[in-house]
Each structure stands twice: as structure tokens, then as C-alpha cells.
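Novice: Got a predicted model here, sequence first, then my questions.
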Amino acid sequence: MLRPIRHVIRGIRVIRVLMRHQALFFVELLPVSPPVRRLARPWTGGRATRRPGQRLADALVELGPSFVKLGQTLAVRPDLMGSQVARDLARLQDRLEPFPAEQALALIERELEAPVERVFARFDRVPVAAASVAQVHFAELPDGREVAVKVLRPGIEAKIEAELGFFLWLAEAVEYLFPHLRRLRPVETVQVHALWTRRELDLRLEAAAAAEFALNCAEDEGFRVPYVDWERTSRRVLTLERISGTPSDQRARLIEQGLDPVRILDRAAVVFFNQVFRDGFFHADMHPGNTFIEPDGTIVPVDFGIMGRLDLDTRKYLAEILIGFLDRDYRRVADVFVRAGYVPIDEDRDAFAQAARAIGEPILGKPLADISIGRLFGQILTVAEQFHMQQQPHLLLLQKTMVVAEGVGRALDPTVNIWQTAQPLVAGWIARHLGPHAKAMELAQDVYDAARRAPVVLRRLEQTLVRMERQQMVLKDRAPIWLFLALAAFLLGWTIR
């Protein structure tokens, strides 16, 4: 009983903030009666000078950390509020006031179970950054190494859980009141947003992601990942190597330092390819504020709270989809979506192929430097949802990452698309993993794996027959040989599959 009342009160506050920022423009998208639209019109920003997405971003910042994260989630869903609003939300930065240093120090001492003076030789009380869920302080270790210490906001877990509960209640209400909006899956969108947000609340997971990322990229020239100080890391405190460098979008400053933006772009393209296709583990929030260029041109990322992971099959499907678009083979694109299980097998593939053509032709007709593969991928995901594709969080993360990577690339050199540099790498990967030789090797590996499992399968079969005999579920003179062979064939076939 209290839950709806509590959420209604919170909803009234949300509406008041949106009204103050003239950010109720999305009411025009809802199937509400004309009187309701007229009532909301003064706060839709019809005469405002700033774009709707900019006004909405300001309102979300005022509403709190979960709302900021929600805005970042909506930035990869242009089908909800339009491409321009999504682009404005994609530039949404955490602009919250820092919390007092005394609270940060108390939390560090509680988490690390030692006085700050013993843990750090120097600790800067003034934070260098204050984000939605944490803030960062620079410090120095007793051995002289410079580090960055990330500290969660006090009480942030409870606050975010309350806000996530409100989002879920609101999404459920939208699906109940407006059935035709269920195709947009607001409940699933909130659930994905909640999953990403909760992962950011355990800084040990971020430390583990940084460590795995560093291991994957250890041999990559011109790219490195900051080291993790595990001794000074816990659930609410993360200590990483301090990075000094230039944000990746400051082209003029990089040139002043004697660096070549084109060479940096080439490295960035290789890094992006390695993350997505080689490793299947990528940094999903690599905007300019999280990517720095050191004086020697080395690219160094920070903030590993949002990482994406793709298994080998998914990477192969992505490669096939990419080939289908570049070859303008839209039927192949539709077939891959069905074969991957993203779209139900009973959907009209010809209609899907036609929709893919409507997206691909206007984009692929442009010069290669002007093509946004990220936008193309985002639009095909939107179309696939209309064919009842279940939401794929890892694909949404990848699409967001592709758009951000292309934006960073254009900031370094507007005349070159990061895809132009990565294309030969992707083509080589496709040839290795989708060519005849690769398929033969995959078949041979499957046969080898089945052969290795055969003794175990036969032993389990024997144990099963013994149990059946003991339970008098077989004939007294043992099961006939055909039963044994049938079960063996079934189990071997299952292992091969």
C-alpha cells in the first residue's frame, strides 16, 4: 500500500523538475487526450532557445544519480525520443556537487581498516572529479607512486535502489496504461539500466575489469591500461594509477605537443578492433573525458565501470551483419538475425530485408568517410525490435561504443572515419573466422571435443544402466543391446551438438 503512495509523491517531484526545465516535450509522444497535451504545452519548451535533449539533460542532473544514468541509457535508444535527443543525452556528463572530504576520508578508513595517514603519504582533500555515484581524489603512496582514489558517495546504494524502484514502477504503469508502447519494452529498458547501474556500485568489479582489460592489451603498441592497487581497493574504494595526459578530443593541443592526430587515430582504430573482435571485451564508456593521450602518444583509458562482453558466436554474427550491409545483401542480414536467435524464426524475412534496405541504402550511398557504422547498427537494432527482437543489452552497449569511438575519431581527424582504418583488420578477422578453412577447423574441433567427452559419456551411460537395473526398471536378463546402442547414440549426438 505504501509503495504506490511513495512512488506517486516521487513522481510529483519529478514532474515539477521537468516543468521547471521545460522538458515535458515527450508528452507529445504519448497517447494522451488533447486536454492533457494542452495542459503540458507551456512546459514542453516550444519557445525555448535550447534543444529538448539539452533541457532534459539538465533536469536529469538535478533529479539525481540514477536519473543521470537513465539519461545515458536512453542515449542508446533513439527509437524512444528521436535521434537528436539521443545525441544530446549521449553528451550528458555527471555534473554533481562533490561531497565533503571528511566523509570521503571516513569511508576510506572504514573500508581499508586503517588511518588514511598510514595508507597514503599524501591525500588531496579537494576532489578532481565528482560523478553521479562517486568522486575522485589524487593521492600519493608511501613509495612515491601517484594514484587516483575513487570513493562511492555515502549512502548512494540506498538512494539508487529507491530511484530504480521508482523507474520500474513507472515502466510497469506505462505498459499497463499504454499497451501499444509495450513494443518499446520500457520495463526491460529499466531492468538493463538497473543492471548497469548496480554493477558500478561495486568498485571491486571495476578493478577486476581494469585488470582483465590490461591483460588483454598488454602487447598492444601505443595503448595501455592503468594498474590497480588491490591493497587499497574494496567495495566502495578503488585505487588506480594516476594518469596525466590530454583528452583525446583536444586536437589542437595534441598538435602543439608534436603529436600526429592521424597516427593516434590509427592506433585507436586498432585498439577498438582488438577489444571488440579479438578479445570480445570492450570499454563501453570511452568518451573523450575517459580517454587520455600521454606525451609519447600512448592512449590510456580510465573509468572501467561499464564494460561490454561478446562471445565468439556473437562476434561472428556481427561480422556477417557488417558484410551483408557493405555488400548490400540485405537478405543475408535478415537471415543472420534469425539464425542468431535475435528475431523469431517465424518472422517475415523478406519484410525484414526490405526494412534493412531502407536503412542501408541512404547511408551506404555516402562516401566512406561520412558513413557512421554505429548509427547504422543502431537503426537496424531499432528495426529488429519491430520484428519482436528481444532486447540485447550487450548489442546496445556495443552500438553506443561504436558511436562514441567514431565521434572521437572525427575529433582527431574530421576527414577520416575510424572504420576506414579498421576495415582491413575486420576483413582479415572475417576471413580467418568465417572462411572455409575456419569452418573446417571448427568442425574438426567439435569432433575432437566430442571424442574427448565420449569416455565420460559412456561411463555415465553405464552408471545409468546400473541404477536402472537396481531399481528393477530393466528386464532381469539386462537390457537388450539395441537399448544400449540407442542411448549411446543419443548421448554422443547430444555432446556433439
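Specialist: Perfect, I can see it now. Residues are numbered from 1 along each chain as shown.
Novice: burial of Ile255, as a residue count?
Specialist: By the criterion of other C-beta atoms under 10 Å, Ile255 has 11 neighbours. Glycine gets a C-beta too; all of them are placed from N, C-alpha and C.
Novice: correction: Val225
Specialist: Around Val225 there are 25 residues (other C-beta under 10 Å).
Novice: is it true that it touches Asp303?
Specialist: No - using C-beta atoms under 8 Å, Val225 is not in contact with Asp303; the gap is 11.4 Å.
Novice: Overlap of the contact sets of the two?
Specialist: Listed contacts common to Val225 and Asp303 are nil; contacts here mean C-beta atoms under 8 Å, 6 or more residues apart in numbering.
Novice: quick one: Gly308 is in a helix?
Specialist: No - assigned with DSSP: H, G, I helix; E, B strand; the rest coil, Gly308 falls outside any helix and is strand.
Novice: Can you tell me how far it is from Leu381?
Specialist: 14 Å (C-beta to C-beta, to the nearest Å).
Novice: Over to Val416?
Specialist: In terms of C-beta to C-beta, Val416 sits 26 Å off from Leu381.
Novice: where in the stretch 251-400 of the chain is pLDDT low?
Specialist: For the stretch 251-400 of the chain, applying pLDDT under 70 flags the ranges 368-369.
Novice: Now do the strands in it.
Specialist: 281-283, 291-293, 299-301, 307-309 (DSSP state E, counting those that start in this stretch).
Novice: Compare those strands and report which one is nearest to Asp58.
Specialist: Closest to Asp58 of those is strand 291-293 (C-beta to C-beta; 25.0 Å).
Novice: Mind listing residues that contact that closest one?
Specialist: 243-248, 254, 259, 264, 299-302, 408.
Novice: For Phe123, what are phi and psi?
Specialist: phi -140, psi 120 (degrees, to the nearest 10).
Novice: Enumerate every residue touching it.
Specialist: Phe123 neighbours (C-beta under 8 Å, 6+ apart): 105, 116, 137, 139-140, 149.
Novice: from those residues, which is closest to Val343?
Specialist: Val149 (46.0 Å).
Novice: Regarding that closest one, what is its secondary structure?
Specialist: Applying three-state DSSP: Val149 is strand.
Novice: pretty sure it is touching Arg236, no?
Specialist: No - Val149 lies out of contact with Arg236 (C-beta under 8 Å); the separation is 11.0 Å.
Novice: between these two, which one's more packed in?
Specialist: Under the neighbour definition other C-beta under 10 Å, Val149 and Arg236 were set side by side, and Val149 has more, 26 against 22.
Novice: and the more buried one, bridged to which residues?
Specialist: Beta-bridge partners of Val149, counted by DSSP bridges, are His137, Thr239.
Novice: That one: what's it in contact with?
Specialist: 108, 120, 123, 136-139, 232, 237-239 are the contacts of Val149 under C-beta under 8 Å, 6+ apart.
Novice: What of Ala355?
Specialist: Applying C-beta under 8 Å, 6+ apart, the residues near Ala355 are 383, 386-387.
Novice: Weed out the non-buried ones from these.
Specialist: 383, 387 (16 or more other C-beta atoms under 10 Å).
Novice: Counting only helices, which of the contacts of Ala355 make the cut?
Specialist: Mapping these onto helices (DSSP state H) picks out 383, 386.
Novice: from the contacts of Ala355, which single one is nearest Ala422?
Specialist: Proximity of the contacts of Ala355 to Ala422 (C-beta to C-beta) peaks at Val383, which lies at 24.2 Å.
Novice: so how far is Ser132 from the closest one?
Specialist: 32 Å.
Novice: before we move on, what about Thr464?
Specialist: For Thr464, the distance to Ser132 - C-beta to C-beta - is 55 Å.
Novice: Could you single out the nearest of the contacts of Ala355 to Gly360?
Specialist: Nearest to Gly360 among the contacts of Ala355, counting by C-beta to C-beta, is Val383 at 10.4 Å.
Novice: Show me which of Val416 and Leu381 is the more surrounded one.
Specialist: Leu381 (22 against 18).
Novice: Look up how far Ala207 lies from the more buried one.
Specialist: Where Ala207 is concerned, Leu381 sits at a distance of 31 Å (C-beta to C-beta).
Novice: Now do the phi/psi pair for Asn417.
Specialist: Torsion angles at Asn417 (phi, psi; degrees, to the nearest 10) stand at phi -100, psi 140.
Novice: Noted, bye for now.
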